[in-house]
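A.B. asks: have a look at this prediction, sequence included:
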Amino acid sequence: MKLLCKQLIPWRKPCTSITSCSERWPIRRSAQVVRPFTSHARIGPTRSGSAVPSERRDSISPGSWVDNDLLTLECEHAQLPSSVVTGDTGIEDGAIAAAQAVARQWGVACDEAEPLSGGSNVLVHLKPAPVVARVMTGTSMLHDDTERWLSREVAVAVFLAQRTDAVAAPSDLLPPGPHERDGLWMTMWEFVAHDPQAALPEAAALGRSLRDLHTALADFRGDLGPLSEIRDWLARLLAELRPSGPVSQEDIAWLGFKLDALTPAVFESSLPAQALHGDVAISNLLSTEHGLVWNDLEDVCVGPVAWDVAGLVSSARARGQSESFVEELVAAYGDPGVDLGAFLEAHALYEVIWQASAGPDRPHATKRAAASLARLRATS
């Protein structure tokens, strides 16, 4: 079996015993013990689906604030392979075994490991260790160089964790990765205790939280891809898309036309650019004792802040929030530098393409894609 570990920062050799691995890599500004609110607090949603994974829907610690129907079909770019959605225990068991193998290589006790959620990735809490492995089972297919893609996420997370507590940090018990085991790529993260039943944050809190994240990200100067990379893999998904049910060949061609039309204003915008979260959604926020915490940096990229702001606005609207809520959110964030219209259209387009791509495995997704497409056509 093959084990690869991308060591972004020098790390000690794999451990041979738990006691010899008591040292921690000081990722955060100061070490802190994170304790759950209750004995049932967990990093991700319960398996009944009370919280929404978003990593393309599973991130380090998905949040809540949404109904179960949105678990797989909401607009925030979900693509949940049918094998996971339907509870394919083979994929889940394989992910757990691979994550445990990596953890044990570094002396991390994980005999009580359990899955937290399944989707584009499988999240594994490596209990009793306060470590969560995010094992790629779906989204890695979108990228030619999975290792580089995940390395970017880890590098940004390390950078942010040294500057703010408002972002979930990579694990300090073992190298965060990326690691590869048995053909599965994964990264390792600090367990984040949060309240999955917390009320939806206030609009102003959401806006300020994103502004603070952007302020911290603005100084990152590492290797990140441009926002246009998202356009590129959306184009690849469109090229592979075939007519299915209510989504016709004419619809697919129109989506391609729309993607091309939005490219200059959004994906290749001349607006000032900086490091972005890339997949901003309310479901990528955790409500903790110390405030809101962002996670799922898998789509970090460089582009206009309007991309992330539009993602948060789209997420709020998808949860039925009023326009006054949206206005308050944007006001709390501040000036995004441009009218959000084209960026909101681009997020809506993203939604349609993701849902249509998942349609062959999930017929309900095709219906949702058709409904989303109708709305996009009506507003374009």
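C.D. replies: Great, that's in hand.
A.B. asks: in terms of secondary structure, what does the strand or helix carrying Leu262 contact?
C.D. replies: Here Leu262 sits within helix 249-262, counting by DSSP states H and E. Counting contacts by 3 or more Cβ pairs under 8 Å, 6 or more residues apart in numbering; DSSP states H and E, helix 249-262 packs against helix 228-240, helix 341-358, helix 363-379. C-betas here are computed from N, CA, C, even on glycine.
A.B. asks: name the surrounding residues that touch that helix.
C.D. replies: Applying Cβ atoms under 8 Å, 6 or more residues apart in numbering, the external contacts of helix 249-262 come out as 231, 234-235, 238, 241-243, 342, 345-346, 349, 352-353, 356, 373, 376-377, 380.
A.B. asks: for Lys127, give me its contacts.
C.D. replies: Counting by Cβ under 8 Å, 6+ apart, Lys127 has contacts Cys110, Glu112, Ala113, Glu114.
A.B. asks: element containing it, please.
C.D. replies: Judged by DSSP H and E, Lys127 forms part of no helix or strand.
A.B. asks: got the domain ranges for this structure?
C.D. replies: Annotated domains of the chain cover 28-190, 203-379 [automatic domain parsing].
A.B. asks: state the mean pLDDT of the first one.
C.D. replies: In other words, domain 28-190. For domain 28-190, mean pLDDT is 68.
A.B. asks: check the last one too.
C.D. replies: What domain 203-379 shows for mean pLDDT is 93.
A.B. asks: picking that back up, out of the helices and strands packed on helix 249-262, nearest to Val132?
C.D. replies: Val132 lies closest to helix 341-358 among the helices and strands packed on helix 249-262, at 24.1 Å (Cβ to Cβ).
A.B. asks: how far off centre is the closest one?
C.D. replies: Centre-to-centre, helix 341-358 and its host chain are 16 Å apart (Cα atoms, centre = their mean, to the nearest Å).
A.B. asks: convert the helix holding Leu262 to CSV, retaining C-alpha atoms only.
C.D. replies: C-alpha atoms of helix 249-262 as CSV (Å, rounded to 0.1, in the frame of the first residue of the first chain):
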residue,chain,number,x,y,z
GLN,A,249,-29.3,19.5,-25.9
GLU,A,250,-30.5,23.0,-26.6
ASP,A,251,-30.4,23.8,-22.8
ILE,A,252,-26.8,22.5,-22.6
ALA,A,253,-25.8,24.6,-25.5
TRP,A,254,-27.4,27.7,-23.9
LEU,A,255,-25.6,27.0,-20.7
GLY,A,256,-22.3,27.0,-22.6
PHE,A,257,-23.2,30.2,-24.3
LYS,A,258,-24.1,31.7,-20.9
LEU,A,259,-20.8,30.5,-19.4
ASP,A,260,-18.9,32.2,-22.2
ALA,A,261,-20.9,35.4,-21.9
LEU,A,262,-20.2,35.7,-18.1
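A.B. asks: so it versus helix 341-358, what angle?
C.D. replies: Using axes from the mean of the first three to the mean of the last three Cα atoms, to 10 degrees, the direction of helix 249-262 lies 140 degrees away from that of helix 341-358.
A.B. asks: next, the angle helix 228-240 makes with helix 249-262.
C.D. replies: 160 degrees.
A.B. asks: partners of the helix or strand just after helix 249-262, with directions?
C.D. replies: Following helix 249-262 in sequence order, the next helix or strand is strand 274-276 (DSSP H and E). Sheet pairing for strand 274-276, assigned by DSSP bridges, gives strand 301-303 (antiparallel).
A.B. asks: can you tell me the closest non-neighbouring residue to Arg104?
C.D. replies: Cys110 (6.7 Å; Cβ to Cβ, 6 or more residues apart in numbering).
A.B. asks: could you find the closest non-adjacent residue to Pro304?
C.D. replies: Using Cβ to Cβ, 6+ apart, the closest residue to Pro304 is Leu271 (4.0 Å).
A.B. asks: find the pair from the contacts of Lys127 with maximum spatial separation.
C.D. replies: Cys110 and Glu114 (9.9 Å).
A.B. asks: out of these two, which sits in the busier spot?
C.D. replies: Taking neighbours as other Cβ atoms under 10 Å, Cys110 and Glu114 compare with Cys110 leading, 21 against 13.
A.B. asks: from what I see, the more buried one and Gln100 are in contact.
C.D. replies: Yes: in this structure Cys110 lies within contact range of Gln100 using Cβ atoms under 8 Å: 5.0 Å.
A.B. asks: list residues touching both of these two?
C.D. replies: Shared contacts of Cys110 and Gln100, counting by Cβ under 8 Å, 6+ apart, come down to Leu126.
A.B. asks: what ranges do the helices span in the chain?
C.D. replies: 70-73, 82-85, 89-105, 146-161, 203-217, 228-240, 249-262, 305-318, 323-333, 341-358, 363-379 (DSSP state H).
A.B. asks: who's in contact with the spatially closest residue to Asp308 that is not a sequence neighbour?
C.D. replies: Closest residue to Asp308 apart from its sequence neighbours, by Cβ to Cβ, 6+ apart: Val280 at 4.3 Å. Val280 is in contact with Leu210, Asp308, Val309, Gly311, Leu312, Ser315, counting by Cβ under 8 Å, 6+ apart.
A.B. asks: repeat for Val131
C.D. replies: Contacts of Val131 (Cβ under 8 Å, 6+ apart): Ala103, Val108, Cys110, His125, Ser171, Leu173, Leu174, Met188, Trp189, Glu190, Phe191.
A.B. asks: neighbours around the fifth one, how many?
C.D. replies: Other residues within reach of Ser171, judged by other Cβ under 10 Å, total 26.
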